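In: I'd like to go over a predicted model; first the sequence, then the structure.
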Amino acid sequence: MRYAFIRETLADRELYGMPLSERCRIVGVSTSGYYEWLRRRNGRPRKKLHVPKRVMLSDETVLASVRRLRGLLGCTPGYRQFHELVRKRGIRVGVTRLQRLLRTNGFIGYRHSKRPYKTTDSNHDMTVYPNLLNRDFRPGKLNRAWVSDITYLPTPNGTSYLATFMDLGSRRILGWAIDTKMTTELILKALDMAVQTRRQERLSVTGTIVHSDRGSQYCSQKFQGRLAQLNMRPSMSRSGNCWDNAPGESIWSSLKREVLIGWKRFAGHEAAVAAVAHWIHVYNHVRPHSSIAMKTPLEYEED
């Protein structure tokens, strides 16, 4: 009866201009209910919506895309990064299923064997600086804080060492350097590359926090003098507390796991340099990062 009443009032001149939704609200029915009543009254069949069937890709199709992507990357990221990359290429596959395919086909699951290389020499009497960062690793503002660390790269001819400077704001590796010796010049070279990167982008580094461990290279007069020239602020982790520089250290496991792919060492120093250069390019330009909404560092900076 209420639907019929609404239909009869449509011709009422005194109610002219009142929308149908308001009429339905007054008598306590829904607009969709009225249209359904009208359809039944006129004997019109209900229209069937065409819902396209979801195509289930075969394991072989998904793995073929993974192999092509692995060849383009030259390294093997984790399954979450793989999922985002294949998704951007139009491959629809569940995260759990992709993880299973990657693991059972040897793309992920290998572990990098740790070696007892010490890259931090904090047994010195040089000045140690307070922890200004205080584990504030939030992304966002560029040049608020950089983190730096040194790692080893095993080769048949001995150990090479890699130093990097990362902007916490975008997780972008701004500067890096590799040498066969772990010296202050190593981190100065990486620092100068990072500063030059930002200067080319016309971004000031004045006031930027530069966080590191208490190693002798970072505490040296030469390095601290360079920070003072640049008006950058030194910050250091507490003694024996690796969590104070977690983002700076966490990239090492990613690097060695994704590049070495289960091998114990690089083919040589030059091979290590080439592999690291390629990996950093992929890390900054291609590889999505969970800490910045699955974007690449450069995409995040542009946004």
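Out: Thanks, I have it.
In: for stretch 215-234, what is the average pLDDT?
Out: On average, the pLDDT along stretch 215-234 is 95.
In: buried sites along that stretch?
Out: Counting neighbours by 16 or more other CB atoms under 10 Å, one finds that the buried residues in stretch 215-234 are 215-220, 223-224, 226-227, 230, 232-234. The way it works is simple: take the backbone N, C-alpha and C, and place the C-beta from them, glycine included.
In: likewise stretch 180-192?
Out: 182-184, 186-191.
In: make JSON lines from these and add distance to Ser204 to it.
Out: Listed next are the buried residues of stretch 180-192 as JSON lines, based on distance: CB to CB, whole Å:
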{"residue": "Met182", "distance to Ser204": "30"}
{"residue": "Thr183", "distance to Ser204": "28"}
{"residue": "Thr184", "distance to Ser204": "25"}
{"residue": "Leu186", "distance to Ser204": "25"}
{"residue": "Ile187", "distance to Ser204": "21"}
{"residue": "Leu188", "distance to Ser204": "20"}
{"residue": "Lys189", "distance to Ser204": "21"}
{"residue": "Ala190", "distance to Ser204": "19"}
{"residue": "Leu191", "distance to Ser204": "16"}
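In: and the two most separated of those?
Out: The two members of the buried residues of stretch 180-192 with the most space between them (CB to CB) are Met182 and Leu191, at 14.9 Å.
In: if we can go back for a sec, so which of the buried residues of stretch 180-192 comes closest to Arg39?
Out: Ala190 (71.4 Å).
In: tell me which residues touch that closest one, please.
Out: Neighbour list for Ala190: 148, 163-165, 175-177 [criterion: CB atoms under 8 Å, 6 or more residues apart in numbering].
In: just the buried subset of those, please.
Out: Judged by 16+ other CB under 10 Å, buried ones among the contacts of Ala190: 148, 163-165, 175-177.
In: and the residues you listed as CSV, adding distance to Asn241?
Out: Below are those laid out as CSV (distance: CB to CB, whole Å):
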residue, distance to Asn241
Ser148, 16
Ala163, 20
Thr164, 20
Phe165, 20
Gly175, 25
Trp176, 24
Ala177, 25
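In: export the residues you listed to JSON lines and tack on secondary structure?
Out: Shown next, in JSON lines, are those (DSSP: H, G, I helix; E, B strand; the rest coil):
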{"residue": "Ser148", "secondary structure": "strand"}
{"residue": "Ala163", "secondary structure": "strand"}
{"residue": "Thr164", "secondary structure": "strand"}
{"residue": "Phe165", "secondary structure": "strand"}
{"residue": "Gly175", "secondary structure": "strand"}
{"residue": "Trp176", "secondary structure": "strand"}
{"residue": "Ala177", "secondary structure": "strand"}
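In: quick one: the one helix or strand Tyr161 maps to to chain centroid distance?
Out: Secondary structure assignment for Tyr161, by DSSP states H and E: strand 158-167. Centre-to-centre, strand 158-167 and its host chain are 20 Å apart (CA atoms, centre = their mean, to the nearest Å).
In: cool, and stretch 224-233?
Out: That offset, for stretch 224-233, works out to 29 Å (CA atoms, centre = their mean).
In: so what touches it?
Out: Contacts for stretch 224-233 (CB under 8 Å, 6+ apart): 127, 132, 188, 191, 195, 205-210, 234.
In: top of these by neighbour count?
Out: Val210 (26 neighbours; other CB atoms under 10 Å).
In: before we move on, the earlier item: the buried residues of stretch 180-192 in helices, which ones?
Out: Judged by DSSP state H, the subset of the buried residues of stretch 180-192 located in helices is 184, 186-191.
In: okay if I get the residues you listed as TSV plus distance to His269 and pLDDT?
Out: Formatted as TSV, these follow (distance: CB to CB, whole Å; pLDDT from 0 to 100):
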residue	distance to His269	pLDDT
Thr184	20	95
Leu186	13	96
Ile187	18	96
Leu188	20	97
Lys189	15	97
Ala190	17	97
Leu191	22	97
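In: just put those in JSON lines and tack on distance to Arg265.
Out: Putting these into JSON lines (distance: CB to CB, whole Å) gives the following:
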{"residue": "Thr184", "distance to Arg265": "26"}
{"residue": "Leu186", "distance to Arg265": "20"}
{"residue": "Ile187", "distance to Arg265": "23"}
{"residue": "Leu188", "distance to Arg265": "27"}
{"residue": "Lys189", "distance to Arg265": "23"}
{"residue": "Ala190", "distance to Arg265": "22"}
{"residue": "Leu191", "distance to Arg265": "27"}
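In: let me know the distance separating the nearest residue to Gln221 once chain neighbours are set aside from Thr155.
Out: Distance criterion CB to CB, 6 or more residues apart in numbering; nearest residue to Gln221, sequence neighbours excluded, is Met126 at 7.7 Å. Distance of Met126 to Thr155, computed by CB to CB, to the nearest Å: 30 Å.
In: looking at those two, which one has more neighbours?
Out: Between Met126 and Thr155, Thr155 has the larger neighbour count (other CB under 10 Å), namely 17 against 13.
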